[in-house]
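1. give me the fold of what follows.
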Amino acid sequence: MNTRKKLMQVRGRRAARVRATVRGTAARPRLSVFRSNRFMLAQLIDDVAGKTLASANSKQLKKKDTKTAGAAYVGKTIAERAKAAGVTVVVFDRGSYRYHGRVRALVEAAREAGLKI
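-> Take a look at the predicted model:
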């Protein structure tokens, strides 16, 4: 089997396992994270209504810095936008990514900015 194809199958199974237990509501939306090779993206999603309440990404960052610093920027920004939308508590959806590195930096920055995860 092709290595790339196997990796995608493993990630798909991991994401399905996480999302089977994580559901977002209007009172406690889901903080979903996407990590590409260059950027980080985060969304607050109300799964009941099927709507995105807020989003942030590291493409908005003006100066070039490390990817981890970009992830921290996204965490801080999503927390600010969540507060503006009236959300203080979220449930975290890491998707198929392990909780370390950039994903962890994003969550810690969001917590420091006042979001309860």
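2. isn't residue 51 right next to residue 43, touching?
-> No - with contact defined as CB atoms under 8 Å, residue 51 and residue 43 do not form a contacting pair (10.3 Å). The C-beta positions use only the backbone N, C-alpha and C, and glycine is treated the same way.
3. ok, now which ones touch the residue sitting nearest the centre point of the chain?
-> Of all residues in the chain, the one closest to the mean position by CA atoms, centre = their mean is residue 33, 2.3 Å from it. Going by CB atoms under 8 Å, 6 or more residues apart in numbering, residue 33 touches 40, 41, 42, 92, 93, 94, 95, 97, 103, 106.
4. and which of those is nearest to residue 67?
-> Nearest to residue 67 among the contacts of residue 33: residue 40, at 7.4 Å, using CB to CB.
5. so what's that closest one up against?
-> Contacts of residue 40 by CB under 8 Å, 6+ apart are 33, 34, 57, 58, 67, 70, 71, 74, 102, 106.
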